[in-house]
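[1] Return atomic coordinates for the entry below.
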Amino acid sequence: MADDFKYHIDHHGSLVRPPALLAARAAGLSGEALAATVQDAVEAAAHLQRRLVLSTVGDGQFRREHFESVVYDHVSGFAPVTGVTPLAELAGIPFARRRSITAGPAADGRLAQAEAAPVTAVVDRPVFVALPSPGYLAAVGSALDGPAAVDAIQSTGAALAAIVHAEIEALAAEGVAYVALGNPLYPVLLTVEGREQLLAVLPSGVDADGVLAAMIEADRAAVTGLTAPEDFRVGLDLTDSGPLPSTARGWDPTAFETLIDATPFHRLSVDFPADPAARLPLDLVKPGLVISLGVVDVSSPELETVESILDLVDPVVEERGEYDVAIATNGGFAQSADRPLMTQAEQNEKLRLVEMVARYYWGNEI
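    Numbers count the residues shown, from 1 in each chain. Predicted coordinates:
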């Protein structure tokens, strides 16, 4: 196993679907034939990440239709969206990735065992799995139709948190080293402009602060009190949303403190663009919490330069110290299974760049 998460190389799970897998699905392949194609794609992706010396390896999420489907496919109580979902609209969540909550969630077996097991079998690197956070699923799937909305998010969030908590413990017991919970709603609720936009679309009587608190409560519950090996780590991923609200007027420090205060997470993944006005103010993040800086852009095939990334990262390392920083992409590479954002070759160059920059800082450790 690699060194315990003093690791500094990161990406966010989804990889560009290889042509053979896209062709198989387009041809309507199913059953054992499709499973074999997926397995071949997963093994190839795992070996690629191993060769890149990425500190943790995933399956590329090749089994998922989209990020959230790892839960939607294995948990009852969700149904296709039929009405307006303001939180999803503000966060830029594509319509295909939305579900309404129609009943109390109940798990039908495991969530991500099929994703982790094939990777642990073929590589000797720590394996990671990304899951949608329970607070996110509860908030984006709830009917925000009045004062009872917050209570509904709390109730559903608690049920989903118990399911995710059990899955995280099972993954840890099976040798998975790191689980990241993704919640793309937080940037909306944590920026000044995003909160104003939210207040403008929320139905009368729905408390925005209550929605945020209910999400945080569910996400914390999913990772608090875990039975897991000492070196197991959990992260909170704030990337992979759609177009973010403008941060020109800043992040809301009170709202952000609500999220980060006494957090049980070991790692916080954030977009870290070149424009300083668009970044999360890192002085809001307490020492000891690793900040994974999304400095390599997954939305464009244009390759960043090492120098441009060093210009972004150097001041952060100098201020926070090298052990509280990691280098990452600013999201997954294939937010849509049938519409990859770049070619595999372009993706691989981006991953190599992440590895190269991380070695510049921490070459003796990885």
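[2] Name the SS class of residue 131, please.
    strand (DSSP: H, G, I helix; E, B strand; the rest coil).
[3] List the contacts of it.
    The neighbourhood of residue 131, defined by C-beta atoms under 8 Å, 6 or more residues apart in numbering, consists of 70-71, 111-112, 164, 167-168, 179-182. (C-beta placed from N, C-alpha, C; glycine too.)
[4] got a list of contacts for stretch 206-216?
    The contact list for stretch 206-216 (C-beta under 8 Å, 6+ apart) reads 87, 133, 135-136, 138-139, 144-147, 149-150, 153-154, 157, 183, 185-186, 189, 195, 198-199, 202, 255, 258-259.
[5] scratch that, stretch 162-174
    Outside stretch 162-174, the residues within contact range by C-beta under 8 Å, 6+ apart are 71, 75, 105, 107, 110-113, 116-117, 120, 129, 131, 133-134, 179, 181, 221-223, 225-229, 232, 234.
[6] Over to stretch 290-305?
    Against stretch 290-305 from outside (C-beta under 8 Å, 6+ apart): 5, 10, 12, 235, 239, 266-273, 282, 285, 309, 312-313, 316, 320, 323-333, 341-343, 346, 349-350, 353-354, 357.
[7] Type out the ChimeraX command that picks the buried ones from those residues.
    A single ChimeraX command suffices to select whichever of the contacts of stretch 290-305 are buried according to 16 or more other C-beta atoms under 10 Å:
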select :5,10,12,235,239,266,267,268,269,270,271,272,273,282,285,309,312,313,316,320,324,325,326,327,328,329,330,331,332,333,341,342,346,350,353,354,357
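[8] Show me the contacts of stretch 290-305 that map onto strands.
    In this view, those that belong to strands under DSSP state E are 10, 235, 267-271, 325-329.
[9] Out of the residues you listed, the closest to residue 25 would be?
    Proximity of the ones in strands among the contacts of stretch 290-305 to residue 25 (C-beta to C-beta) peaks at residue 329, which lies at 24.2 Å.
[10] can you tell me which residues contact the closest one?
    Applying C-beta under 8 Å, 6+ apart to residue 329 gives the contacts 10-12, 294, 296-298, 350-351, 354.
[11] Identify the bridge partners of it.
    Note on residue 329: beta-bridge partners residue 296, judged by DSSP bridges.
[12] What of residue 80?
    Residue 80 has these beta-bridge partners by DSSP bridges: residue 99.
[13] Can you verify my assumption that it contacts residue 102?
    No: with contacts counted by C-beta atoms under 8 Å, residue 80 stays clear of residue 102, the gap being 9.8 Å.
[14] nearest to residue 47, of the contacts of residue 131?
    The closest of the contacts of residue 131 to residue 47 turns out to be residue 112 (C-beta to C-beta; 20.2 Å).
[15] hmm, back to that, looking at the contacts of residue 329, which two lie furthest apart in space?
    10 and 297 (14.3 Å).
[16] picking that back up, just the ones of the contacts of residue 131 in helices?
    Secondary structure from DSSP state H places 70-71, 164, 167-168 of the contacts of residue 131 in helices.
[17] Count the residues that sit near the closest residue to residue 116 other than its chain neighbours.
    In space, and not counting its chain neighbours, residue 116 is closest to residue 176: 5.1 Å by C-beta to C-beta, 6 or more residues apart in numbering. Neighbour count for residue 176, taken as other C-beta atoms under 10 Å: 26.
[18] let's have the chain start at 13 instead
    In the new count, where the first residue is 13, that last one comes out as residue 188.
[19] And the pLDDT at residue 188?
    Per-residue confidence at residue 188 stands at 93 (pLDDT).
[20] Find the residue ranges of this structure scoring beneath the pLDDT cut-off.
    For the chain, the stretches with pLDDT under 70 are 13-19, 22-23, 252-260, 347-352, 376-378.
[21] in it, which spans are helices?
    Using DSSP H, helices in the chain cover 31-38, 43-63, 81-84, 98-103, 125-132, 146-153, 161-185, 198-202, 204-213, 220-235, 265-272, 318-332, 356-374.
[22] Most tightly packed of those?
    helix 146-153 (a mean of 29; mean count of other C-beta atoms under 10 Å).
[23] Would you mind giving the ones in helices among the contacts of residue 143 as a markdown table with distance to residue 290 added?
    Listed next are the ones in helices among the contacts of residue 143 as a markdown table, based on distance: C-beta to C-beta, whole Å:
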| residue | distance to residue 290 |
| --- | --- |
| 82 | 30 |
| 83 | 30 |
| 176 | 30 |
| 179 | 34 |
| 180 | 31 |
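[24] of those residues, closest to residue 136?
    residue 180 (22.4 Å).
[25] and the closest one, how far is that from residue 133?
    Distance, residue 180 to residue 133, using C-beta to C-beta, to the nearest Å: 20 Å.
[26] Considering the ones in strands among the contacts of stretch 302-317, which is situated nearest to residue 57?
    Closest approach to residue 57 among these (C-beta to C-beta): residue 341, at 14.8 Å.
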